[in-house]
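S.K.: Sharing a model that was predicted from the sequence below.
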Amino acid sequence: MKNEFVLAFNEVLEEKGLPKETIIEALSIAMVSAYRKSVNASSAQDIKAIIDMEHGKFNILVEKEVVQTVQNPLTEVTIDDAIKIEENTELGNIVMVDSTPADFGRVAAQTARQVIQQKIREAEHAAQYEFYEKQLGEIISGVVQAANARGLTIGLELKAEASMPRKEMISRERFRIHERIRALVAEVKETGRGPQIILSRTHRDFLRRLLENEVPEIFHGVVEIRSIAREPGHRAKVAVSATQKGIDPVGACVGMRGIRIQSIVRELHDEKIDVIEWSPDPTAFIAKAISPARVNGVYLNETADKYKNALVIVPEDQLSLAIGREGQNARLAAKLTGWRIDIKSLPEAISDWLFTLKNDEEFKELAKEEAEAITKAEEIMGRRVEGRVIPTNDYDFLNQLNDRLELVMIIKRREKFEIFEKKKEEALQSIPAGAFKMDLSESGLSDKIIEALSEAGFHTAGKLVMASKINPEKILEVSGIGPKTLEKIEEFGSKLPDIVPEEEIIEKEEVEEELKSEQDSEAAAVEIPTDGEITTEETAVGSAEKQADVILEEKQSLPEEPTSEPAEELIEPETDEKSEKPIKIEKIKSFEELFKLELEDITPSEHDLNDKSAQKKKKSRQIEYDPDLDMTISKKKRKRTESDWSNWEED
């Protein structure tokens, strides 16, 4: 018959589900504590508990000193007894002696119960924390144990409890007690009462894990999730890309007849999910992120102070769809792409340009060059205000005009950015490396001014002098800084080479991170699309940026002193399928000549409306524009109604 101690031990081991070594360690600590309390032993005395699980026995070994005559049996042992334990022991040595009391079994059980329970609880909490820390960011399931206004209490494996605050729950969803729920492990904290586990169903990684579980291509890495933007319970946008050629990432996520995405939608209580294909070209990516709205053009403006702005032009009938209810579609697109997106309808963009060309002196020459186009645009906009029907070709004209004007803005921004970069390089060459470690207290400025500059981000002398050379207006924006103080800063900067010890001239890359916060918003740059396969739609959307690249490269390659007769060169001759005549484009010799070029002259393959292949494609699809409905429809499906005929007779 097994010993009662062994039976009790096995029962605890099975009930708690803990490792055997953990229970034995807890028992040993509890027995040592019980012995100390029973005999009132000193804390300095070494005491060990030896447990034999095979025979169900335990012993208490106590550290004692070897003496000739015992005066205190709790701390001393005779030499004769010590020799029985260790043969080579001598007087004054320390030996471990078996000092288990005769009635220690029952007393120890009563005394050690609380300690054992405490140690077992600590072991349970440690096992729970270790297990769920590894589950961080993964989906787990549990059973709802309690629900209140603050959230849910959910029972998990290993007898652990998790909480789901109300903010981590999808709006409108309700759970009952004993109902099973799936959620993401968002946070695991170690506390004195055990691990605190926070679950979430609103985190964007919850949608990511659901896609990984439902779409095998994502799980195996064939399809990659690039970014996720989500407003829980309402709508989400997911950008995906394929890591292998020949794979449709959007089709893989949606599944046959939408079966894959529908199961995720049901799990998220009918949350709408838009799956779009990621593109390395920002213009194409932003255009797809605005879907389901159609986009006429995307124009990028990445400023030097780290702000990335994108202007999106859409047809007038697509404006509300592009913005979405309460701006939801535009907001999600901005989160998905990482760009600040401004959406305008084509008539609104043209109206803004007409006002700018008339009132801004900076665009005076541009207004002269585009005088004929401006007159025609005003006439079209006048007919629109009167409520008259505008043909499709007039909308195409406005779109081309807007594209040309935005192209001018892109070139100007890039020229400003090149000037800014040149100033920065010159400033870096004139500032010693040690100045970027020098405190402002050595500049000779007052304490109040130094405090104001430090709050504005100018913590070192190098940063301050760099800003004074690149953009003095940035320093003047600081409260309490005037022209006189700026002169002192410039004077201090001229003396820096003499003040700072001679060191190696600092390189641009070494301080680029430090200077990002000081770069002003005046110098603007447009992000150049990275290499990648771009479809026809992507090329049409980003045409202005690509044209700017071509024109700027041509301007940089021109000689400093232009000749009297401009040379005519071939730029990558393209041949038509039938004519095989190379397309000739004259090199641009001045900035004003840019405005004399039509878009057909710059990129004839993209903007030639008379292209025979485009006409064949349009004819094969049998599509026409209906001015009454202001939309493009199919000839096969279009049927005239009585209201259409009445409107036609009135016109």
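M.R.: Thanks, I have it. Residues are numbered from 1 along each chain as shown.
S.K.: from here on, contacts and neighbour counts on C-alpha atoms
M.R.: Will do.
S.K.: could you point out where the stretch 1-150 of the chain is predicted with low confidence?
M.R.: 1-9, 12-13, 16-18, 56, 103-116 (pLDDT under 70).
S.K.: Now do the helices in it.
M.R.: 4-16, 20-39, 79-85, 104-134 (DSSP state H, counting those that start in this stretch).
S.K.: Ok, the stretch 201-350 of the chain next?
M.R.: Using DSSP H, counting those that start in this stretch, the helices assigned to the stretch 201-350 of the chain run over residues 204-214, 216-219, 249-254, 259-267, 282-289, 319-323, 328-337, 346-359.
S.K.: Quick check: which of those is buried the most?
M.R.: helix 282-289 (a mean of 24; mean count of other CA atoms under 10 Å).
S.K.: Mind giving me the packing neighbours of that one?
M.R.: Counting contacts by 3 or more CA pairs under 8 Å, 6 or more residues apart in numbering; DSSP states H and E, helix 282-289 packs against strand 272-277, strand 297-303, helix 328-337, helix 536-541.
S.K.: Same list, those, but as TSV with distance to Lys364 and mean pLDDT please.
M.R.: Below are those laid out as TSV (distance: least, CA to CA, whole Å; pLDDT from 0 to 100):
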stretch	distance to Lys364	mean pLDDT
strand 272-277	42	94
strand 297-303	22	86
helix 328-337	34	94
helix 536-541	28	43
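S.K.: Glu87 is nearest to which of the ones you listed?
M.R.: helix 328-337 (78.4 Å; CA to CA).
S.K.: Just want the angle from the closest one to helix 282-289.
M.R.: Per axes from the mean of the first three to the mean of the last three CA atoms, to 10 degrees, the angle that helix 328-337 makes with helix 282-289 is 140 degrees.
S.K.: Against which helices or strands is helix 328-337 packed?
M.R.: Where contact means 3+ CA pairs under 8 Å, 6+ apart, helix 328-337 is packed against strand 223-231, strand 235-242, helix 282-289, helix 319-323, strand 340-345.
S.K.: I'd like the C-alpha coordinates of it written as CSV, please.
M.R.: Extracted C-alpha coordinates of helix 328-337, given in CSV (Å, rounded to 0.1, in the frame of the first residue of the first chain):
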residue,chain,number,x,y,z
GLN,A,328,-13.9,56.9,-43.7
ASN,A,329,-12.6,55.8,-47.1
ALA,A,330,-10.0,58.6,-47.3
ARG,A,331,-9.0,58.1,-43.7
LEU,A,332,-8.4,54.4,-44.2
ALA,A,333,-6.5,55.0,-47.4
ALA,A,334,-4.2,57.4,-45.6
LYS,A,335,-3.5,54.9,-42.8
LEU,A,336,-2.9,52.2,-45.3
THR,A,337,-0.4,54.1,-47.5
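S.K.: Now do it and strand 340-345, the angle between them.
M.R.: Computed by the same axes, to 10 degrees, the angle separating helix 328-337 from strand 340-345 equals 140 degrees.
S.K.: Which residues outside helix 328-337 are in contact with it?
M.R.: 227-231, 236-239, 282, 285-286, 289-290, 321-324, 340-341, 343 (CA atoms under 8 Å, 6 or more residues apart in numbering).
S.K.: ok, 6 Å please
M.R.: Around helix 328-337, the neighbours that count as contacts under CA atoms under 6 Å, 6 or more residues apart in numbering are 227-229, 289-290, 323, 340-341.
S.K.: That helix: how far from the chain's middle?
M.R.: Distance, stretch centre to chain centre, for helix 328-337: 12 Å (CA atoms, centre = their mean, to the nearest Å).
S.K.: repeat for stretch 265-283
M.R.: Per CA atoms, centre = their mean, the displacement of stretch 265-283 from the mean C-alpha position of its chain is 15 Å.
S.K.: Only the buried residues of it, if you could.
M.R.: Residues of stretch 265-283 classed as buried by neighbour count (16 or more other CA atoms under 10 Å): 265, 268, 271-279, 281-283.
S.K.: For Ser494, give its distance to Lys469.
M.R.: From Ser494 over to Lys469 the distance is 10 Å, taken as CA to CA, to the nearest Å.
S.K.: go on, Ile380?
M.R.: As judged by CA to CA, Ile380 and Lys469 stand 48 Å apart.
S.K.: of the two, who's got more company?
M.R.: Ranked by neighbour count (other CA atoms under 10 Å), Ile380 and Lys469 place Ile380 first, with 20 against 16.
S.K.: returning to what we had before: output the buried residues of stretch 265-283 as JSON lines; include the columns distance to Thr69.
M.R.: Formatted as JSON lines, the buried residues of stretch 265-283 follow (distance: CA to CA, whole Å):
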{"residue": "Val265", "distance to Thr69": "84"}
{"residue": "Leu268", "distance to Thr69": "81"}
{"residue": "Glu271", "distance to Thr69": "85"}
{"residue": "Lys272", "distance to Thr69": "88"}
{"residue": "Ile273", "distance to Thr69": "87"}
{"residue": "Asp274", "distance to Thr69": "89"}
{"residue": "Val275", "distance to Thr69": "88"}
{"residue": "Ile276", "distance to Thr69": "90"}
{"residue": "Glu277", "distance to Thr69": "90"}
{"residue": "Trp278", "distance to Thr69": "88"}
{"residue": "Ser279", "distance to Thr69": "90"}
{"residue": "Asp281", "distance to Thr69": "92"}
{"residue": "Pro282", "distance to Thr69": "92"}
{"residue": "Thr283", "distance to Thr69": "95"}
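S.K.: Could you list the low-confidence segments of the stretch 251-400 of the chain?
M.R.: Counting by pLDDT under 70, the ranges of the stretch 251-400 of the chain that qualify are 304-306.
S.K.: Please render the contacts of helix 328-337 as a markdown table that adds distance to Ala333 to the earlier fields.
M.R.: Output for these, formatted as a markdown table (distance: CA to CA, whole Å):
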| residue | distance to Ala333 |
| --- | --- |
| Ser227 | 11 |
| Ile228 | 10 |
| Ala229 | 8 |
| Ala289 | 5 |
| Ile290 | 6 |
| Ile323 | 10 |
| Arg340 | 9 |
| Ile341 | 8 |
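S.K.: just the buried members of these?
M.R.: Buried members of the contacts of helix 328-337, scored by 16+ other CA under 10 Å, are 227-229, 289-290, 323, 340-341.
S.K.: State the pair within those that is farthest apart.
M.R.: Across the buried ones among the contacts of helix 328-337, the longest distance by CA to CA is 20.0 Å; it joins Ser227 and Ile323.
S.K.: Give me the angle between the longest helix along the chain and helix 346-359.
M.R.: The helix that spans the most residues within the chain, counting by DSSP state H, is helix 392-430. If you take the same axes, to 10 degrees, helix 392-430 sits at 60 degrees to helix 346-359.
S.K.: Just the buried positions in helix 392-430, please.
M.R.: By 16+ other CA under 10 Å, the buried positions in helix 392-430 come out as 395, 398-408, 410-417, 420, 424, 427-428.
S.K.: In the helix or strand following it, which residues are buried?
M.R.: The C-terminal neighbour of helix 392-430 among helices and strands, as given by DSSP states H and E, is helix 447-455. Going by neighbour count (16+ other CA under 10 Å), the buried part of helix 447-455 is 449-450, 453.
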